[in-house]
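**Student:** Need a 3D model of the following:
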Amino acid sequence: MDIEKFLGRPKMTVKALAEAAGVSRQIIYRILNGQGNPTIDTAVRIETATGGQVTANELLHAVLPRGYRLEKIPSNSRRE
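**Tutor:** Predicted coordinates for the structure are as follows:
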């Protein structure tokens, strides 16, 4: 689902999404207006805040090279 459709749901506002994602309303408005690309961190925060209904891949489609997708790493995996 894209972010515009998600925000069209009852009781969902830019303010509520921004607070849930821990980002500013201005960041959400920039994404909605196509005035900038979110960072990976912001995209993941929004995905988490929407329960995966808006994915980081959807938000980052304009900046990821064609064919690339973010891959989720299990939280119990270790970095070496």
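
**Student:** Could you use CA atoms for every contact and neighbour count after this?
**Tutor:** Will do.

**Student:** quick one: low-confidence ranges for the chain?
**Tutor:** 62-65, 72-80 (pLDDT under 70).

**Student:** show me where this protein has helices.
**Tutor:** 3-7, 14-21, 25-33, 40-49, 56-59 (DSSP state H).

**Student:** tell me what the fourth one is packed against?
**Tutor:** Helix 40-49 is packed against helix 14-21, helix 56-59, with contacts defined by 3 or more Cα pairs under 8 Å, 6 or more residues apart in numbering; DSSP states H and E.

**Student:** Throw the helices of the chain into a markdown table and include mean neighbour count, thanks.
**Tutor:** Formatted as a markdown table, the helices of the chain follow (neighbours: other Cα atoms under 10 Å):
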| stretch | mean neighbour count |
| --- | --- |
| helix 3-7 | 15 |
| helix 14-21 | 17 |
| helix 25-33 | 15 |
| helix 40-49 | 19 |
| helix 56-59 | 20 |
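
**Student:** Output these as JSON lines; include the columns distance to E71.
**Tutor:** Converted to JSON lines, those look like this (distance: least, Cα to Cα, whole Å):
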{"stretch": "helix 3-7", "distance to E71": "20"}
{"stretch": "helix 14-21", "distance to E71": "20"}
{"stretch": "helix 25-33", "distance to E71": "21"}
{"stretch": "helix 40-49", "distance to E71": "11"}
{"stretch": "helix 56-59", "distance to E71": "9"}
